[in-house]
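> how would this look folded up:
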Amino acid sequence: MTNFFGYGSLVNLQTHKYLNPHPTEIEGWKREWVSSSIHNIAFLSVTPCDFTILQGMRASTENIGWHALDLRETGYKRHNLAQYDMQMYVGNPAYINKNIKKPILLSYLDCVIQGFYQHFGREGVAAFFQTTNNWDHPILDDRNSPQYPRSTILSKNEVNLVNEHLENL
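From the prediction side, this is the model:
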C-alpha cells in the first residue's frame, strides 16, 4: 500500500510532490486541533466520528517513499484505512495534551485553506471549518513573518476567505 490521505496541509499540492494526487472523501473521521509535548504550536489531527464525511487529498508515496513522509509528519502515527486502500496520519496519543491550547499559526491555516479552496471551492472551505473541532486555540497571526515551514502566498480573495471564516467561528 503506497497511498495516503491528507486532510490538512497535504491537500495543498504546493507543499509536496507526491504522485497521482486527487481529491477524495472518507467517512467516519473528524479533524481537530491538538497540542502536543513535541510541537510549540497546535496542529491538525483526526478523531473518529461516525457521521462525518472528511474531504482531503489522496496521493501515492511511490516516488519518495514512506520514510520522507514519516519525517514530515513527526508527532503522528500512520493509521491504516483498509477500506480505502490507504493510510493517514493521526496525532500520536503519546504526545497529545488536551489540557493545553497552543496557538494555531495563521500561516499554517492559510496553507491548508488554500489547498481546500483550490480543490473543493468555497463549499470545501466551509466544510473544512464545519468538520474541524477545537477552534478554542488562540490564533497567532504570523502572516507578515510566517513561522510555518511550508507557508504559501495567498491571493487577496483567499486571505479574505480565511478571515471571513475565522470571524464566523
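
> what residues sit buried inside the longest helix belonging to the chain?
Assignment by DSSP state H gives helix 106-130 as the longest helix of the chain. Of the residues in helix 106-130, 106-120, 124-129 count as buried by neighbour count, 16 or more other Cβ atoms under 10 Å. Where C-beta positions appear, they are placed from N, C-alpha and C, glycine not excepted.

> show me how far whichever helix or strand comes after it is from its chain's centre.
Counting by DSSP states H and E, the next helix or strand C-terminal to helix 106-130 is strand 132-133. Averaged C-alpha coordinates place strand 132-133 at 11 Å from its chain's average position (Cα atoms, centre = their mean, to the nearest Å).

> in the sheet, which strands lie alongside strand 132-133, parallel or antiparallel?
Partners of strand 132-133 in the sheet, by DSSP bridges, are strand 19-34 (parallel).

> how near is the residue nearest to residue 44 when sequence neighbours are not counted to residue 113?
Among residues not flanking residue 44 along the chain, residue 8 sits closest, at 3.9 Å (Cβ to Cβ, 6 or more residues apart in numbering). As for residue 8, its distance to residue 113 is 10 Å (criterion: Cβ to Cβ, to the nearest Å).

> cool, and residue 31?
Per Cβ to Cβ, residue 31 is found 12 Å from residue 113.

> who touches both of these two?
Contact criterion Cβ atoms under 8 Å, 6 or more residues apart in numbering; residues shared by residue 31 and residue 113: residue 128.

> neighbours of residue 89, how many?
24 (other Cβ atoms under 10 Å).

> can you read off the pLDDT for the spatially closest residue to it that is not a sequence neighbour?
For residue 89, ignoring the flanking residues on the chain, the nearest one in space by Cβ to Cβ, 6+ apart is residue 76 at 3.7 Å. Residue 76 is assigned a pLDDT of 95 by the prediction.

> and residue 76, what are its bridge partners?
Taking DSSP bridges as the rule, residue 76 bridges to residue 91.

> what are the buried residues along stretch 14-34?
For stretch 14-34, a neighbour-count test (16+ other Cβ under 10 Å) marks 15, 16, 18, 21, 24, 26, 29, 30, 31, 32, 33, 34 as buried.

> now swap in stretch 52-70 and tell me
52, 54, 55, 56, 57, 58, 59, 61, 69.

> got it, and stretch 149-168?
Within stretch 149-168, the residues that qualify as buried are 150, 151, 152, 154, 158, 159, 161, 162, 165, counting by 16+ other Cβ under 10 Å.

> the fourth one and residue 110 touch, don't they?
Put plainly, it is residue 154. Yes. In terms of Cβ atoms under 8 Å, residue 154 counts as a neighbour of residue 110; the distance is 5.3 Å.
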